[in-house]
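S.K.: got a sequence here, can you build the structure:
(2 chains)
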Amino acid sequence: MKNPHTEKMKRLAAWYDAWGEDLFRFAFYRLASREDAEDVVQEAFLQIGSRIFEIQQPRAYLYRAVQNGCSDLLRKKKKLTPLDPGRSQSPEVERFEAEEEAQRINLLLDKLPNEQAEVIRLHLYGNLHFTEIGEVLTTPPSTLKSRFSAGIERLKKMLNQ
Amino acid sequence: MKTKNHSIQSPEEENFFKRIPEALLPRKEIRPSEDLRDRILEAADKASQKTRRLHYWSGTILSVAASLLLAILLIGHTPAYAARKYFEAAVKSFQYLTSLQIQFSLRTAPQENFDYIDPAGELLPHHFAIRYTPPMMWRIEKPGRIALFNGEACYQWLPELEMGWRSSNRESEGLIQALCDLQTLMHSEIAATKQNKEAQYEITQQPDYTELIIQMPAQGDFTQSNWQRNTSISESDTRRTYHFDNTTGALRYACIEGFVEGRKVVLLETQQIRYNEEIIPSALDDHPTHIEWISSLELKGGTEQQDLTAEESAERIILAMEQWEEEILHKELQQYGEKGYQHLKEHYQGVKLLQCGAAFRSGLYPGYFVPCHLLFPDGRHEKINLALRNDNPDRVWIVDGGL
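M.R.: Take a look at the predicted model:
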């Protein structure tokens, strides 16, 4: 017999090991903040933990939860004025560079329609293949590939100008 | 993260990858904090400690039906004469029922018993069906738990855990009893319209139905309870909404909202109520044969515990776990069945009791909760609230949840 609690913890640990880092990166390249990305990922795991025996597609659920968590956080942050925009709160140089990198990439992707940017983010930073992205966004892979290509071409044009 | 070394699934994807501008590829690798995994698991563990109490066949920590009845009956006088006629009409409409089917959502946990309600839980779909024509049969399902009465015996089981309980008791209790006999609920509402002083009634006429909203304040002072405080319906302010059919008087919709710590929470809401549709008996009586059925008649406690307090009993049980004293634990953990017992043995054998707190009661639960701080052989600590009850003819303590 499986103890529900033990089973839940076992599943969460296995899912973190399988997808935790990719989920974090996906969130990080959306939020450009390690703390925020980790908070969003943790919240996603807590959410799935509360309904662990009902979820049929845990990976898709987690990516959706992280995606929604990022959107909510960005929405909230828009209402706040940063004290010192452009500077990371973190003293570590390495992290500062990584966050700068994420900000740079975000500036590029923010120029694309959201549906194209989301596919690119899930593919490049969330490490998902198109069939897997299809499960997250409930969209056929062929459509996602078109969106991806269109987004990439658009970016290339912008970068060449 | 996609990098130039990333594994490519197909030539098509390779082609996609080649087209990605360098500008989109991060020049800096980023990884989550080393301790993120542990933090997540610790937070998930803490979150589930709040609700980790499997209450089995006889466990009725928070009786929805009893709560409903209390919510209705315990409050003073009401001027709501106008509301009464709708309940009376509903009672009449129930008189000649041959069957009833209700689809509803209840805020609860999947494997908890059907009487368990948790305002912080998920709204889980439930389906209840009853056939009134002899032999009377009913069935209720939610994700994680199913129960039925086939005219002779009650079966209740947890499909995922492949364990269940069988009882020859014909008397249902709690939520199931309330669903089987909606007339009683309506009678309670009628009584409330005669007695209640503080409830507020609001009636709105719609073309097909009449909406009746009742707002009732919480009853009693439950602030002394430090566990599941104000989480049963009777312990919270409630707002109940009913829709009655303008032609037949039948109940078409019900919604119960609780005001928990200033927040309005839907506790129960019906999606569909169907009357007098034919229900095939075999559809209600479908239960698995391969699972371990525990008979409630076989549950017996040790008479040596009769003189113990709840704390002493909890202490005795946990101490017995250190050397795993079969003689004591087989009796105390009988609610869990043989499979559950073996699982508990695997999990708790060798555990040491660091501290046992004062037993406390909570809500409508007929037993006690005893806080216990445990130390596992691998150095892990765990705090549990062991649920113990002795409301049986022999007055013996039986572990009812918390492990």
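S.K.: contact partners for the residue in the stretch 251-400 of chain B positioned nearest to chain A?
M.R.: Closest approach of the stretch 251-400 of chain B to chain A (Cβ to the nearest Cβ) occurs at residue B:339, with a separation of 3.8 Å. C-beta coordinates here come from the backbone N, C-alpha and C atoms, glycine included. Residue B:339 sits next to A:1, B:161-163, B:292 when contact means Cβ atoms under 8 Å, 6 or more residues apart in numbering or on different chains.
S.K.: kindly report the same for residue B:133.
M.R.: Residue B:133 sits in contact with B:98-99, where contact means Cβ under 8 Å, 6+ apart.
S.K.: how close does it get to chain A?
M.R.: Using Cβ to the nearest Cβ, to the nearest Å, residue B:133 is found at 34 Å from chain A.
S.K.: can you tell me the SS state at that residue?
M.R.: Three-state assignment for residue B:133 (DSSP: H, G, I helix; E, B strand; the rest coil): coil.
S.K.: for it, give its distance to residue B:278.
M.R.: According to Cβ to Cβ, to the nearest Å, residue B:133 stands 10 Å off from residue B:278.
S.K.: now for these two: what residues contact both?
M.R.: Common neighbours of residue B:133 and residue B:278 (Cβ under 8 Å, 6+ apart) are residue B:99.
S.K.: return the set of buried residues in the worst-scoring helix or strand of chain A on mean pLDDT.
M.R.: Within chain A, no helix or strand scores below helix A:93-109, which has a mean of 80 by mean pLDDT, DSSP states H and E. In terms of neighbour count (16 or more other Cβ atoms under 10 Å in any protein chain shown), helix A:93-109 has its buried residues at A:95, A:98-99, A:101-102, A:105-106, A:108-109.
S.K.: where in the chain is pLDDT low?
M.R.: In the absence of a named chain, chain A is used. Filtered on pLDDT under 70, chain A yields the residue ranges A:1-3, A:77-95, A:161.
S.K.: wrong chain, I was asking about chain B
M.R.: For chain B, the ranges with pLDDT under 70 are B:1-18, B:48-80, B:168-174, B:195-198, B:217-237, B:260-262, B:295-307, B:361-366, B:392-394.
S.K.: SS state for the residue nearest to the spatial centre of it?
M.R.: The residue lying closest to the centre of chain B (Cα atoms, centre = their mean) is residue B:116, at 2.4 Å. Under three-state DSSP, residue B:116 falls in the coil class.
S.K.: for chain A, see how far away it is.
M.R.: Residue B:116 is 14 Å from chain A, by Cβ to the nearest Cβ.
S.K.: for residue B:194, same thing?
M.R.: Taking Cβ to the nearest Cβ, one finds residue B:194 at 42 Å from chain A.
S.K.: in which helix or strand does that residue reside?
M.R.: According to DSSP states H and E, residue B:194 maps onto helix B:182-195.
S.K.: may I ask which of the contacts of residue B:339 has the most neighbours?
M.R.: Counting neighbours by other Cβ atoms under 10 Å in any protein chain shown, the top entry in the contacts of residue B:339 is residue B:161, with 22 neighbours.
S.K.: ok, that one touching residue A:7?
M.R.: No - the criterion here is Cβ atoms under 8 Å, and residue B:161 misses it with residue A:7 at 9.2 Å.
S.K.: which bits of the stretch 201-350 of chain B sit near chain A?
M.R.: Residues of the stretch 201-350 of chain B found near chain A (Cβ under 8 Å from any Cβ of the partner chain) are B:339-340, B:342-344, B:347.
S.K.: 10 Å - rerun?
M.R.: B:292, B:336-344, B:346-347 (Cβ under 10 Å from any Cβ of the partner chain).
S.K.: so of the contacts of residue B:339, which ones are in strands?
M.R.: B:163, B:292 (DSSP state E).
S.K.: make a markdown table out of the contacts of residue B:339 and add distance to residue B:386.
M.R.: Formatted as a markdown table, the contacts of residue B:339 follow (distance: Cβ to Cβ, whole Å):
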| residue | distance to residue B:386 |
| --- | --- |
| A:1 | 20 |
| B:161 | 20 |
| B:162 | 25 |
| B:163 | 20 |
| B:292 | 23 |
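S.K.: tell me the two of the contacts of residue B:339 that are most distant?
M.R.: Among these, the pair separated by the greatest distance (Cβ to Cβ) is B:161 and B:292, at 9.3 Å.
S.K.: once you drop chain neighbours, what's closest to residue A:154?
M.R.: Distances taken as Cβ to Cβ, 6 or more residues apart in numbering or on different chains place residue A:112 nearest to residue A:154, at 6.0 Å, with adjacent residues excluded.
S.K.: can you give me the helices for chain A?
M.R.: A:4-15, A:21-31, A:34-50, A:58-78, A:93-109, A:114-124, A:130-137, A:141-160 (DSSP state H).
S.K.: elements contacting the fourth one?
M.R.: If contacts are counted by 3 or more Cβ pairs under 10 Å, 6 or more residues apart in numbering or on different chains; DSSP states H and E, helix A:58-78 sits against helix A:4-15, helix A:21-31, helix A:34-50, helix A:114-124, helix A:130-137.
S.K.: state which strand of chain B is the longest.
M.R.: Longest strand in chain B, counting by DSSP E: strand B:263-275.
S.K.: picking up where we left off before, report whether the least confident helix or strand of chain A contacts chain B.
M.R.: Yes - judged by Cβ under 10 Å from any Cβ, helix A:93-109 comes into contact with chain B at A:94-102, A:104-105, A:108-109.
S.K.: how far off centre is that helix?
M.R.: With Cα atoms, centre = their mean, to the nearest Å as the basis, helix A:93-109 stands 15 Å off its chain's centre.
S.K.: before we move on, what about stretch B:278-298?
M.R.: Stretch B:278-298 sits 20 Å away from the centroid of its parent chain (Cα atoms, centre = their mean).
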